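Engineer: no sequence for this one, just the structure:
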């Protein structure tokens, strides 16, 4: 017993150090996997409000650039309106079906909530963005986030007024993506080297992947609608020892200057999840 | 001014500078500037290692909570606090430290500062990036990031001392 006490006294500095380290590392590894509280994140109300004040000052620095971006998006959407199309009178029947969209034939599946990024990083291994909307606006963990140019990430943690997005610039973001014109799909990852480039993994190397073909979301998990842009294929190389391509994707959104984003609410997510949960798991 | 008050004000200053300014400055090449270890270095020499670690713990968690790193800063700052007395002892001046003097670049000289703080900062940065990436095959990336960011942070720490701390020796002469 005395020896044990002597041991404790001798190594007390290291033991306190180890205990505190253990506490911190437990927090770190549990939070990176799945955050349970808003405590210790920017989603907490005090930290959120401090960052909001800062954003109130700094957001004006990129104001004109953001306005141009929004204007471009408006133009793109305006072009899709029926009013901006020239009515062709002598249409054959099949063409007129293409041009006219009947609203009652389509049910709304995705709803979008606008949000402002009040805090973001891009130089770390895992980058999280803080948004100025939270559960009061109906945001829940697991919802998708995108901007006018492309996919941004998935909601990671939510408080009443703020939410934290796990961005495309994190180690295990794993958005299911596909190459638009060939339809081959894989998972988006980020290697942590350049904030402009991610990688698409899991594409078999017997497929012909063309450079500069578009990479879009697959829309299988109901987080993102099908066909949201992610980026373009900028290089490919074979993975050693595996029949796969290692495809580098140039993100279409520049995450270093991101400000305005949309949160995606999938109104049919529960229906899909309910159906998919009925798949029996123990069949071998 | 009372030294406790000075240290409390400095605590707030370092946290705010780190979170509101330096976390937003992202230069590229994997450079991430972290200057808050300087605060821990400037705490009194005779302060015992337990309170040092508690301060490091508190400061780390405050910064973590405001930059979504969930404990990375706290963990690496704890390592800094743990190694501080050891490195201090290794590079102690011949007649020991003067407890009345702050351990800044003026009082102990540039050579001492570059060895002690350089080593501690490198430990801190390496710990931080190793934990952040946590993969053996990214070891070169970790080393590159910690050395490059270490150098930039170190230069800014020197600059901050020349800007904000008055040289008492010069005034006496």
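Structural biologist: Thanks, I have the structure now. Predicted model, so just to flag it, every value in this text is computed and none were measured. Numbering: from 1, shown residues only, chains lettered A, B, ... in the order given.
Engineer: for chain B, what are the nearby residues on the stretch 51-200 of chain A?
Structural biologist: A:51, A:54, A:58, A:119, A:121-126, A:128, A:130, A:164, A:192-193 (C-beta under 8 Å from any C-beta of the partner chain). C-beta coordinates here come from the backbone N, C-alpha and C atoms, glycine included.
Engineer: which helix or strand contains residue B:96?
Structural biologist: Residue B:96 belongs to no helix or strand when elements are defined using DSSP states H and E.
Engineer: typed the wrong thing, it's residue A:200
Structural biologist: Using DSSP H and E, residue A:200 maps to strand A:197-204.
Engineer: same question for residue A:221.
Structural biologist: Counting by DSSP H and E, residue A:221 is part of no helix or strand.
Engineer: and the residues of the stretch 51-200 of chain A next to chain B, which two are furthest apart?
Structural biologist: Largest separation among those by C-beta to C-beta: A:54 and A:193, giving 28.0 Å.
Engineer: these two: which is more packed in?
Structural biologist: Counted by other C-beta atoms under 10 Å in any protein chain shown, residue A:54 and residue A:193 do not tie: residue A:54 has more neighbours, with 17 against 12.
Engineer: distance of that one from residue A:177?
Structural biologist: According to C-beta to C-beta, to the nearest Å, residue A:54 and residue A:177 sit 33 Å apart.
Engineer: again, but for residue A:130
Structural biologist: Counting by C-beta to C-beta, the gap from residue A:130 to residue A:177 is 25 Å.
Engineer: any weak-confidence spans in chain B?
Structural biologist: Residue ranges of chain B with pLDDT under 70: B:1, B:168-173.
Engineer: SS state for the closest residue to residue A:221 other than its chain neighbours?
Structural biologist: Spatial nearest neighbour of residue A:221, excluding adjacent residues (C-beta to C-beta, 6 or more residues apart in numbering or on different chains): residue A:176 at 6.2 Å. For residue A:176, the secondary-structure state derived from DSSP: H, G, I helix; E, B strand; the rest coil is strand.
Engineer: wait, isn't residue A:176 in contact with residue A:216?
Structural biologist: No - shown here, residue A:176 and residue A:216 do not form a contact pair, counting by C-beta atoms under 8 Å, at 10.6 Å.
Engineer: so these two - more neighbours on which side?
Structural biologist: Higher neighbour count among residue A:176 and residue A:216: residue A:216, with 23 against 16, using other C-beta under 10 Å.
Engineer: please name the residues that touch the more buried one.
Structural biologist: A:177, A:178, A:180, A:226, A:227, A:228, A:229, A:230 (C-beta atoms under 8 Å, 6 or more residues apart in numbering or on different chains).
Engineer: now the third one: how far from chain B?
Structural biologist: Using C-beta to the nearest C-beta, to the nearest Å, one gets 30 Å for the distance from residue A:180 to chain B.
Engineer: could you do the second one as well?
Structural biologist: From residue A:178 over to chain B the distance is 27 Å, taken as C-beta to the nearest C-beta.
Engineer: show me which residues of chain B sit near chain A.
Structural biologist: Contacts of chain B with chain A, taken as C-beta under 8 Å from any C-beta, map to B:19-20, B:23-24, B:26-28, B:30-32, B:49-50, B:53, B:57, B:60-61, B:64-72, B:74-75, B:78-79, B:82, B:129, B:131-133, B:138, B:141.
Engineer: that older thread, for the record, mean pLDDT for the strand holding residue A:200?
Structural biologist: What strand A:197-204 shows for mean pLDDT is 89.
Engineer: so what strands line up beside the next helix-or-strand element following it?
Structural biologist: Next helix or strand after strand A:197-204 toward the C-terminus (DSSP H and E): strand A:214-217. Paired neighbours of strand A:214-217 in the sheet (DSSP bridges): strand A:175-179 (antiparallel), strand A:229-238 (antiparallel).
Engineer: need the contact partners of the one helix or strand residue A:275 maps to.
Structural biologist: Secondary structure from DSSP H and E places residue A:275 in helix A:269-277. Counting by C-beta under 8 Å, 6+ apart, helix A:269-277 makes contact with A:222, A:266, all of which sit outside it.
Engineer: now the strands: where do they sit in the stretch 1-150 of chain A?
Structural biologist: In the stretch 1-150 of chain A, the strands defined using DSSP state E, counting those that start in this stretch lie at A:110-119, A:128-131, A:144-146.
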